[in-house]
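K.L.:
Take a look and give me a structure for this.
(4 chains)
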2 protein chains.
Amino acid sequence: MGIAERKEREKERRRLDIINAAEEVFFSKGFENSTMDDVAEQAELSKGTLYLYFKSKDELFLEIIYRGNNILHNLFQKASEREGDGLCKVRAIGEAFVEFSIKYPNYYNAFLHNQTQEICLEKMGEAEEKIFSLKERNMQIFIDVIKGGIEDGSLEPELDPVKTALTLWAEATGVLLLAKLKGKLISKGFNISEEEFINHFFEFTWRALKA
Amino acid sequence: MGIAERKEREKERRRLDIINAAEEVFFSKGFENSTMDDVAEQAELSKGTLYLYFKSKDELFLEIIYRGNNILHNLFQKASEREGDGLCKVRAIGEAFVEFSIKYPNYYNAFLHNQTQEICLEKMGEAEEKIFSLKERNMQIFIDVIKGGIEDGSLEPELDPVKTALTLWAEATGVLLLAKLKGKLISKGFNISEEEFINHFFEFTWRALKA
DNA sequence: TTTAGAGATGACTGATAGTCAGTAAATGAA
DNA sequence: TTCATTTACTGACTATCAGTCATCTCTAAA
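P.N.:
Residues are numbered from 1 along each chain as shown, chains lettered A, B, ... in the order given. Coordinates of the predicted model:
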């Protein structure tokens, strides 16, 4: 049955084409300002067809958020394999986060949008599940690195690895959010560059982390 | 000219009535799920009238965000006047933030919504300016408390008060955001309560702040 | 060649933010 | 008191857009 397989491939191909078209449109006009007609035109398909492949505009955006989380996951993975003690690795993960925000600003915006959205365990769709499990894996990498750091003596032994990982994750999100959204205001009002601000966060955090 | 003054008062009164109606509706149905027709009905006015007093649905929401920021400002003010050294006062401000999130969950949601919204220095309306200046005043309280703590020797003297205030502000927003939005997930996935999580953030932060 | 069904279409529906021509009421000058 | 003017208000209307569905088209198996 070569035909069924070819059709399956074509369907998957079309799915990807639609996500690519959506990414193009959302990244250039912003999610809120983009219409499904824009996406349909970009994909050279009718609007109805989009809804054969995706339940809603939001679900389409979730696919893009998934891509972003995937990139971040790879960066985290690489950072956690960096040579050195636990403290070095935590720093590497922090730097990976910053690298992500600089190298992939569009994916990063999508990531933040999703990060600041309420989620319900009950009504999570397939797309949301995929993202959620990726985030869990990211958190696990982080927890393991912190555990390693406590064991090798580079991190304060009193710290609880899970709570500390969650706290650092939340803090980093908050700091990057402020840097991203209010960066210009900070520069203007307090005469501090985005970079200086992020560096201060790192230094401040090491004071608490170090053994 | 008593008439002009009376009319001025009536106009202000109507403005407040509309904001109150909007607050009622937005808090009970959520901002996104509320329509301007809902607000008009609650205010016992026609929709057109709402637009004589406010430019848009968003501007109406900004008024509610302003109220929230005002409450937070008062809590900060009170906390900064607490007896004790700088470290105590920083803790009091942190606790004020948590108190705000618990006592005024609706205002707090509105606050977070606004906090995670991009702002442009150029196209800030009057309502946004008002909120912005309130936030600046809050930040100033925070900076002064940290300065005091460095002077009285309760905080690490190497810290830069402005950068530290910004960092703590950003971190606290991130932590409360995660606690609020993903609280149930954290409890379920990692077996940590919202309260435990916030307490850990406090303890972790003191390690970096203390002299 | 016929036909079943998968895939694609785009006109349509419903919801809702925002507008505007028209109405009613209050004001003040004659 | 009368009437013109200003002010406040109204709600039907428009524009926009997510999402639907009756219909069409094309393919491949019989």
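
K.L.:
what residues go with each domain of chain A?
P.N.:
A:1-54, A:57-209 (automatic domain parsing).

K.L.:
Quickly compare the ones you listed and say which is most buried.
P.N.:
For the domains of chain A, the largest average neighbour count (mean count of other CB atoms under 10 Å in any protein chain shown) is found in domain A:57-209, namely a mean of 18. (C-beta placed from N, C-alpha, C; glycine too.)

K.L.:
Show the end-to-end separation of that one, please.
P.N.:
Terminal residues of domain A:57-209 lie 42 Å apart, using CA to CA, to the nearest Å.

K.L.:
quick one: it to chain centroid distance?
P.N.:
Remark: domain A:57-209 is offset 8 Å from the chain centroid, using CA atoms, centre = their mean, to the nearest Å.

K.L.:
hmm, back to that, let's have the domains of chain A in CSV, adding distance to DNA strand C.
P.N.:
Compiled in CSV, those are given as follows (distance: least, CB to the nearest atom of the strand, whole Å):
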stretch, distance to DNA strand C
domain A:1-54, 2
domain A:57-209, 12
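
K.L.:
In a markdown table: those domains, plus distance to B:Ile19 and mean pLDDT.
P.N.:
Output for the domains of chain A, formatted as a markdown table (distance: least, CB to CB, whole Å; pLDDT from 0 to 100):
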| stretch | distance to B:Ile19 | mean pLDDT |
| --- | --- | --- |
| domain A:1-54 | 25 | 93 |
| domain A:57-209 | 24 | 93 |
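
K.L.:
Same list, those, but as a markdown table with distance to B:Glu171 please.
P.N.:
Shown next, in a markdown table, are the domains of chain A (distance: least, CB to CB, whole Å):
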| stretch | distance to B:Glu171 |
| --- | --- |
| domain A:1-54 | 27 |
| domain A:57-209 | 4 |
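
K.L.:
looking at the ones you listed, which is closest to chain B?
P.N.:
Of all the domains of chain A, domain A:57-209 sits nearest to chain B, with 2.1 Å by CB to the nearest CB.

K.L.:
Can you tell me which of the domains of chain A is nearest to B:Val98?
P.N.:
B:Val98 lies closest, by CB to CB, to one member of the domains of chain A: domain A:57-209, at 13.9 Å.

K.L.:
hmm, that closest one in reach of DNA strand D?
P.N.:
Yes - residues of domain A:57-209 contacting DNA strand D under CB under 7 Å from any atom of the strand: A:Lys57, A:Asp58.

K.L.:
now for stretch A:184-195, what's the gap between its first and last residues?
P.N.:
12 Å.

K.L.:
before we move on, the earlier item: so which of the domains of chain A gets nearest B:Ala92?
P.N.:
B:Ala92 lies closest, by CB to CB, to one member of the domains of chain A: domain A:57-209, at 19.9 Å.

K.L.:
Phi, psi for A:Trp206 please.
P.N.:
When read as degrees, to the nearest 10, the backbone of A:Trp206 gives phi -60, psi -40.

K.L.:
will you turn the domains of chain A into a markdown table that also has distance to chain B?
P.N.:
As requested, these are arranged in a markdown table below (distance: least, CB to the nearest CB, whole Å):
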| stretch | distance to chain B |
| --- | --- |
| domain A:1-54 | 10 |
| domain A:57-209 | 2 |
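
K.L.:
looking at those, which is closest to B:Gly148?
P.N.:
Nearest of these (CB to CB): domain A:57-209, 18.3 Å.

K.L.:
Helix or strand for the residue nearest to A:Ile93 when sequence neighbours are not counted, just tell me which one.
P.N.:
Nearest non-adjacent residue to A:Ile93, counting by CB to CB, 6 or more residues apart in numbering or on different chains: A:Ala79, 4.6 Å away. Element membership for A:Ala79 (DSSP states H and E) is helix A:57-80.
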